[in-house]
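[1] give me a model of this one.
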Amino acid sequence: MSGGTAVINPPKGVTFDPTENAIIGNCALYGATGGRLFVHGFAGDRFAVRNSGAVAVAEGAGLHACEYMTNGVVAILGAVSKNIGAGMTGGTLYLREDQAHQINTDYVVSAPLDKASKLELEALLKEHLSKTGSNKAAAYLKNWDKNCSQFVRIVPKGFIKFQESEENKEEAAV
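    Modelled structure (predicted):
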């Protein structure tokens, strides 16, 4: 994907819960450079691998999501499998805090949402809801001030070190 917006919804009248079922296959957004993807359901394995600029929201994802990601923003609203963020060197992944144990801690760390992250994630959830009708997004947004605490921001370890270095430089300059 290099641009545009794609919305993946299950067909009308399905009897399964889209927030608990895979609706797109493996390797979706592999190598994406731009665009926006909203998935009302789970993504398969290797979701957003080598993403270098796309923005995406999915209800859940399989193994190795956001592996080798260099840029872009991904929000996963539900369960994920193992090895999330392996080799990730850039970008941002929003993940439920109860799923943070699935990240690859050799490469990425979990950080609480700051004010800017809360605003970014809230905007993504609103867009996801408007495009997909996601009950999960609606539930999180219903009491956002409280529910945002259920999410963390996953970023590369190097980003945190860089951010701390920049903050130290600013403090030293004062």
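[2] switch to C-alpha atoms for all contacts and neighbour counts from now on
    OK.
[3] which residue is nearest the middle of this protein?
    Central residue of the chain (CA atoms, centre = their mean): Ala75, 2.2 Å from the mean position.
[4] name all residues that make contact with it.
    Ala75 is in contact with Ala56, Val57, Ala58, Leu93, Tyr94, Leu95, Leu121, Leu124, counting by CA atoms under 8 Å, 6 or more residues apart in numbering.
[5] 7 Å instead, please
    By CA atoms under 7 Å, 6 or more residues apart in numbering, Ala75 lies in contact with Ala56, Val57, Ala58, Leu93, Tyr94, Leu95.
[6] ok, those residues vs Ile103, which is closest?
    Distance to Ile103 across these (CA to CA) is lowest for Leu95, with 9.6 Å.
[7] from Gly91, how far off is Val80?
    Computed with CA to CA, to the nearest Å, the distance linking Val80 and Gly91 is 18 Å.
[8] all helices for this structure, in order.
    Ranges of helices in the chain, per DSSP state H, are 115-132, 135-142, 144-147, 157-173.
[9] looking at those helices, which is closest to Gly3?
    helix 115-132 (16.5 Å).
[10] about what we covered before: of Val80 and Gly91, which one has the most company?
    Val80 (27 against 21; other CA atoms under 10 Å).
[11] so what's the residue count around the nearest residue to the more buried one once chain neighbours are set aside?
    Sequence neighbours aside, Ala61 is the residue nearest to Val80 in space, at 4.8 Å (criterion: CA to CA, 6 or more residues apart in numbering). Ala61 has 29 neighbours, counted by other CA under 10 Å.
[12] now Gly78
    The tally of other residues near Gly78 (other CA under 10 Å) stands at 18.
[13] model confidence score at the closest residue to it other than its chain neighbours, please.
    Counting by CA to CA, 6+ apart, Gly78 lies nearest to Gly60, which is 4.5 Å off, once chain neighbours are set aside. Looking at Gly60, its pLDDT is 97.
[14] help me confirm that Gly60 comes into contact with Val80.
    Yes - contact between Gly60 and Val80 holds when scored by CA atoms under 7 Å: they sit 5.6 Å apart.
[15] hang on, the earlier thing: now the residue nearest to the centre of the chain, which residues is it bridged with?
    Beta-bridge pairing for Ala75 (DSSP bridges): Val57, Tyr94.
[16] so for it, what's the pLDDT?
    Ala75 is assigned 98 on the pLDDT scale.
[17] how about Phe16?
    For Phe16, the model assigns a pLDDT of 86.
[18] now the one 4 residues further on
    Predicted confidence (pLDDT) at Glu20: the value is 83.
[19] need the contact list for it.
    Gly41, Phe42.
[20] got it, and the one 5 residues further on?
    In this structure, Gly25 makes contact with Ala43, Gly44, judged by CA under 7 Å, 6+ apart.
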